[in-house]
Every structure is written in C-alpha cells, then in structure tokens.
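> fold the following and give me the result.
(4 chains)
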Protein chains: 2
Amino acid sequence: MATSNTGVRTLLGSHRLPNPVPAGEYARCPATDVLRRVSDKWTLLLITLLGQRPYRFNELHRAVDGISQRMLTRTLRTLKSDGLVEREVFPTLPPSVEYRLTPLGVSLLEPLSALAGWAVDHHAEIEAARQRRT
Amino acid sequence: MATSNTGVRTLLGSHRLPNPVPAGEYARCPATDVLRRVSDKWTLLLITLLGQRPYRFNELHRAVDGISQRMLTRTLRTLKSDGLVEREVFPTLPPSVEYRLTPLGVSLLEPLSALAGWAVDHHAEIEAARQRRT
DNA sequence: CTGTATCCAACATGATACTG
DNA sequence: CAGTATCATGTTGGATACAG
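Prediction:
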C-alpha cells in the first residue's frame, strides 16, 4: 500500500489503465495536465532558474535571452496560480517584485530534473533516430 | 564524474546554468526538446499503453477514446521517428501493423512515471492553488 | 521597474471524406 | 485494417505600444 491505487481518475499515475481509456477522464488526467503545463516554451527554464535562488522580474528578463515581456509575465502568472511560484512585491520606488519557488515548486524539481537527465543522457540516440528519416 | 558536465548545450540537464541563458542554445536544449515532444496531447498516454504490451493500430484507436485517426497516426509516426516506438508490418490480408516500445522508449518510462507520480501526489495542491484565483 | 493591451502569424488538433 | 488528404478552428507565442 505504499503506492495505493488512487482510482481510475489518475490514469497515467497508476500502471493499471482501463481499456479503453475514457476520453472524459483522460482530459483531466493529472499527469497529462501537469506535463502540458510544465512543457510550454519557457516554464522549464524559469522553474530551473528559480530553483537556484529568487529572482526579480527584470533579472529574469535579462537572464532568459529571447523571452518577451508578455510571455515572462504570462508564464510567471500561470506558475503562481498553480502554486509553484510565489510573488512578493516590495513597495519601493520604483516597485520591485521577487519571484521564488514554493515548497510545491521545489518538490517538482526532483522528478523534473530526472526527466531532464534522461533527455541529456539519451538525446544523441533520439537525434540519431531522427537522422534515419521516415 | 558520475554526472559530468556535458557542456553548456545541455542547459537544463545540468544544475549550473549560464546567465543569461543564450536564446540559440535554449532552443536546442535536450530537456526542453524532449519535454515538449512528450507532452503533446496523446503521447504520454500512448507511451504508457505501449509500455504494457504491443498494440495494433486499430487496437490503440479503440483503447484511446477520443483520439482521431489522424492524430493517432501522426503521434505514432513522431514516436517512431524519435526512436521511441517501432512499427512492424505483417503482410496479411488485410495488413496488420504492430507498434511496440523500443528499448529507448522503455527507458523513458521510468522518469516519465516518476513525473506522473508527482502529478498524482500533488495534483490536489495544484487544484487548491487554482481555486485561490488570481 | 513591472507590468497591460492589441494585433498577428504559426502551429496543434479535430472533422470529414477517401484509399490500397 | 491502416492509413492519407483536406479543411476548419483554437491555442500559443511574438511584436509593439502604452501605463502606474
């Protein structure tokens, strides 16, 4: 019971899938939900940066070459509303805002790094497969 | 040297990020590449199913409620060209085609399951954070 | 400094019809 | 059975200008 069955709703979380996988359930599958959230263009990089230390808005803007102001704001807002990042405003003049990982965000770092590690270890094989066209 | 520095190109694979993160490098970051590939709408589910046993095309179509023929084909083709899935044609009449995970695909299963497990364990917290609006 | 508002192009996905 | 072709739609992300 270390890993108890949390029910069919978890789908990809368990190793026992119903067959067929119900469309309505899959749409709310936690694993898919989290994976899709975390894999938009800038999220992984921002989480990784914030995993090192807190950053201010423009500091992130400078650190992440190529990100638009719009996407930086949008991505941070999403991370905050998901509870992975917290935002603290210092009422200085001009204002400064600091972003940091929440404990939930920190806990995500480990499985995310594991996947990143797999990617690094096996990217050459994937590249090779892609070369083999078709 | 168990985990040697594979260079700045790996970016998210190491825990030492350059600052600023170069735009051109990030675009080819293995971790981001893999994450984005694996997180499209059906890939995670298909990999999980194929992690249990080989499937035939229409068998997958029946197993995955809601997927269109077009997306099933497209997703399997992408998985194949990335070397995660292999496709075997049996020249019967009518033809039958079997899909199975390659060893590379199998090796992906572990870190992917770990992330899925995190999602299951923490999805309630994410949901709660979302309820708190803003 | 830390954003918001608008507009737009590219891409992902779905619906439907057709094929060897 | 195992696809391909075409068209329609929604979503993502970027450029630019403006604001407290």
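> low-confidence regions, chain A specifically.
Along chain A, segments meeting pLDDT under 70 span A:1-10, A:134.
> which positions in it make contact with DNA strand D?
A:40-42, A:66-71, A:94-95 (C-beta under 7 Å from any atom of the strand). Just so you know, the C-beta spots here come from the backbone N, C-alpha and C atoms, and that holds for glycine as well.
> against which helices or strands is the longest helix seen in chain A packed?
The longest helix of chain A (DSSP state H) is helix A:103-131. Helices and strands touching helix A:103-131, by 3 or more C-beta pairs under 8 Å, 6 or more residues apart in numbering or on different chains; DSSP states H and E, are helix A:43-50, helix B:30-38, helix B:103-131.
> got the buried residues for the last one?
Spelled out, it's helix B:103-131. B:104-105, B:107-109, B:111-123, B:125-126, B:129 (16 or more other C-beta atoms under 10 Å in any protein chain shown).
> now it: how far from the chain's centre is it?
12 Å (C-alpha atoms, centre = their mean, to the nearest Å).
> just to revisit the earlier point, a markdown table for the helices and strands packed on helix A:103-131, including distance to A:L84?
Formatted as a markdown table, the helices and strands packed on helix A:103-131 follow (distance: least, C-beta to C-beta, whole Å):
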| stretch | distance to A:L84 |
| --- | --- |
| helix A:43-50 | 7 |
| helix B:30-38 | 15 |
| helix B:103-131 | 8 |
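> tell me the bridge partners for A:R87.
According to DSSP bridges, the residues that bridge with A:R87 are A:Y99.
> residue contacts, it?
A:76, A:80, A:97-99 (C-beta atoms under 8 Å, 6 or more residues apart in numbering or on different chains).
> on that earlier part again, most neighbours among the residues of chain A next to DNA strand D, which one?
Highest neighbour count within the residues of chain A next to DNA strand D: A:I67, with 22 neighbours (other C-beta atoms under 10 Å in any protein chain shown).
> sounds good, over and out.
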